[in-house]
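Asker: Take this sequence and fold it.
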Amino acid sequence: MKLSSAFLFAISAVTAKGFAPIATVPTARSSSLQGTASPTVEKESFQRSLLAAQLANKSNGKKAVDAPPVNIGWDSHQAVEKAPDSLVRPGDGPDGNYPMRARFEKMIREAQISITDAIEKIDGKAKFQEDSWIRANGGGGMSRVLKDGAVWEKAGVNLSVVYGSMPQEALQAATERGVDRAKGMAPGERVPFFACGLSCVMHPRNPFCPTMHFNYRYFETDGGVWWFGGGTDITPAYLNEDDMKHFHGTYKEVCDRHDPEFYPKFKAWADKYFVISHRNETRGLGGIFFDDLNDRDPEKLFEFAKDAVNSVVPAYGPIIEAHKDDPFTEQQKQWQLMRRGRYVEFNLVYDRGTVFGLKTGGRIESILMSLPETARWEYDHHPEPGSPEADIMDAFKHAREWV
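Answerer: So this is what the prediction gives:
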């Protein structure tokens, strides 16, 4: 829920303030991200064009009269029957001042549809319900939630497009390098931002089917700073090494198509991020996780994020198909519920996005969509030595290599 896994859930309700309508900017235009220049030149050109557009926007009315007040809560959203074709402001479109915004939104909209269609087919019973909303100052979102399915107890895929501002300390808490993201701003000055992302959590019924989470996002702040973040991770209650080899192997192939250094770096990052410190164990068995990624041509990072989000179903679907009908005991179900309790602990105590959203009046239904419908806490529980439960606990405490 990352930024954090839940951050895009959370920021869908953070108040938009500080971005004047882009349509009033007649001259600042970014060129296409494609070309023959080196990655460094492409990145610097992108950065300069983004900064020029934002400075022009700032000078043309940063304190826009249509900007709603800060932190007015989840009910600041206006529900609509159907979301507009694009949630980015008109001046931000493919031919506007911020072309990456519209491109990223289009990409994740397509991913939301393809992923939910695939999950419905695997479940065979339940359908995703979609809630759409818009906000007066631009942006909005679409939440798709499936519940009471044959395979999944609860699954949600949320899309958010957000124009907002945040305290510098909130940005610091929400990202890996938050201090850098507010560099050059006066003390106490809020940081205007744009964010667009797709987040998902799926909680299956069968204890032998793992929970899965992903989040992919694009972020900009005032001053020309931009970055990509995200990842996909898996949380089983029981260890099946073939499943983990398949899941991690799929994402290693994705990473290797873009940079051979990505998988070992992002796998280690996931192992470090998803730690429940007060338990001295991880939430699950990792995957990939990255944040603040802007070290090369943004076009290359866009293609990596697109490849990763479109690999969710190939990485996760076959595992669910293999185990959705596995027999299980009541004791094994109780263990799954205890592991869900650990999932809740991480999301409410450590997840950057959840904490951020709760402190800034975020849209509660979106923030807490990641939580399971049922979970369990048992006092001072310890698995029987040598049991399958003890085996996976060892993996939670000592990170393993799967591929």
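Asker: just the strands in the stretch 151-300 of the chain please.
Answerer: Here the stretch 151-300 of the chain has its strands, by DSSP state E, counting those that start in this stretch, at 152-166, 191-204, 211-221, 225-235, 275-276, 281-282, 287-293.
Asker: Quickly run through the sheet partners of the fourth one, with directions.
Answerer: This points to strand 225-235. Applying DSSP bridges, strand 225-235 is found paired with strand 211-221 (antiparallel), strand 287-293 (antiparallel).
Asker: That strand versus strand 191-204: what angle between them?
Answerer: 10 degrees (axes from the mean of the first three to the mean of the last three CA atoms, to 10 degrees).
Asker: if we can go back for a sec, could you redo the strands of the stretch 151-300 of the chain as JSON lines and give each row distance to residue 308, mean neighbour count and mean pLDDT?
Answerer: Backbone N, C-alpha and C define where each C-beta goes, glycine included. Conversion of the strands of the stretch 151-300 of the chain to JSON lines gives the following (distance: least, CB to CB, whole Å; neighbours: other CB atoms under 10 Å; pLDDT from 0 to 100):
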{"stretch": "strand 152-166", "distance to residue 308": "15", "mean neighbour count": "26", "mean pLDDT": "90"}
{"stretch": "strand 191-204", "distance to residue 308": "11", "mean neighbour count": "27", "mean pLDDT": "91"}
{"stretch": "strand 211-221", "distance to residue 308": "6", "mean neighbour count": "26", "mean pLDDT": "93"}
{"stretch": "strand 225-235", "distance to residue 308": "7", "mean neighbour count": "24", "mean pLDDT": "94"}
{"stretch": "strand 275-276", "distance to residue 308": "22", "mean neighbour count": "16", "mean pLDDT": "98"}
{"stretch": "strand 281-282", "distance to residue 308": "20", "mean neighbour count": "20", "mean pLDDT": "98"}
{"stretch": "strand 287-293", "distance to residue 308": "7", "mean neighbour count": "22", "mean pLDDT": "94"}
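Asker: Columns distance to residue 253 on top of these, output as CSV?
Answerer: Output for the strands of the stretch 151-300 of the chain, formatted as CSV (distance: least, CB to CB, whole Å):
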stretch, distance to residue 253
strand 152-166, 23
strand 191-204, 20
strand 211-221, 16
strand 225-235, 13
strand 275-276, 26
strand 281-282, 23
strand 287-293, 11
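Asker: for the ones you listed, which one sits closest to residue 247?
Answerer: strand 225-235 (5.3 Å; CB to CB).
Asker: Flag the shaky bits of the chain, pLDDT-wise.
Answerer: For the chain, the stretches with pLDDT under 70 are 1-76, 93-97, 169-185, 223, 356-357, 359-362.
Asker: give me that answer again for 80
Answerer: 1-77, 91-97, 137, 165-191, 221-224, 352-363 (pLDDT under 80).
Asker: ok, back up a step: between the strands of the stretch 151-300 of the chain, which gets nearest to residue 345?
Answerer: Using CB to CB, the nearest of the strands of the stretch 151-300 of the chain to residue 345 is strand 275-276, at 5.7 Å.
Asker: What pairs with the closest one, parallel or antiparallel?
Answerer: When DSSP bridges is applied, strand 275-276 pairs with strand 281-282 (antiparallel).
Asker: Confirm for me that residue 275 is in contact with residue 282.
Answerer: Yes - with contact defined as CB atoms under 8 Å, residue 275 counts as touching residue 282 (5.5 Å).
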